[in-house]
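Peer 1: Just to be clear, the model below is a prediction. Sequence and coordinates:
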Amino acid sequence: MTAKKFFFGLLGLSLVGVALLFFIQQEKERDGHWPWPLNGRVINQSPFKVKVWDDQNGFYTIAAGERSSNRKDVDHAQEPTSQRWCKIGARTLIVNPDGSFANCPCYALGAGRACIRF
């Protein structure tokens, strides 16, 4: 591969990346929500239902052993064991079989609230 082909290939990939970023940002500005795959998701591996919240659909639950839909953006989830609210962001949250969260990035004082930072 010549340096010229490498350069133009890298330039082409960069342009595709910028176009994709622009498309995603436009989608967010249109309705105020990040589109899939940048939305929050929940995989519930516990026997408990998990209460979740998003600013578009409000409160709803993810049944035991189920996962959230790609069509809904989960913003916060309530840990079944402690009742604490986890702010998910653009991540996938795993609910352990005992009802605790495996990978909560940060906890909030309630649904729709910002993370608590100490």
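Peer 2: It's in.

Peer 1: ranges for the strands of this structure?
Peer 2: 41-44, 50-54, 58-62, 76-78, 85-87, 92-95, 106-108 (DSSP state E).

Peer 1: Packing partners of the third one?
Peer 2: Packed against strand 58-62 by the contact rule (3 or more C-beta pairs under 8 Å, 6 or more residues apart in numbering; DSSP states H and E) you find strand 50-54. (Each C-beta comes from the backbone N, C-alpha and C, glycine too.)

Peer 1: Minimum distance to Leu11: which of the strands of the chain has it?
Peer 2: strand 92-95 (32.9 Å; C-beta to C-beta).

Peer 1: Quick one: mean pLDDT over the closest one.
Peer 2: Strand 92-95 shows a mean pLDDT of 95.

Peer 1: Offset the numbering so it begins at 54, please.
Peer 2: Understood, numbering begins at 54; the last thing we discussed is strand 145-148.

Peer 1: Check this protein and tell me which residue is nearest its centre.
Peer 2: Gly93 (1.7 Å; C-alpha atoms, centre = their mean).

Peer 1: Now do the contacts for that residue.
Peer 2: 107, 121, 126-128, 141-146 (C-beta atoms under 8 Å, 6 or more residues apart in numbering).

Peer 1: Not counting its neighbours along the chain, what's nearest Ala167?
Peer 2: Distance criterion C-beta to C-beta, 6 or more residues apart in numbering; nearest residue to Ala167, sequence neighbours excluded, is Ala161 at 6.3 Å.

Peer 1: Point out where this protein drops to low pLDDT.
Peer 2: 72-91, 171 (pLDDT under 70).

Peer 1: May I see the domains of it written out as residue ranges?
Peer 2: With domains defined by automatic domain parsing, the chain comprises 54-85, 94-161.
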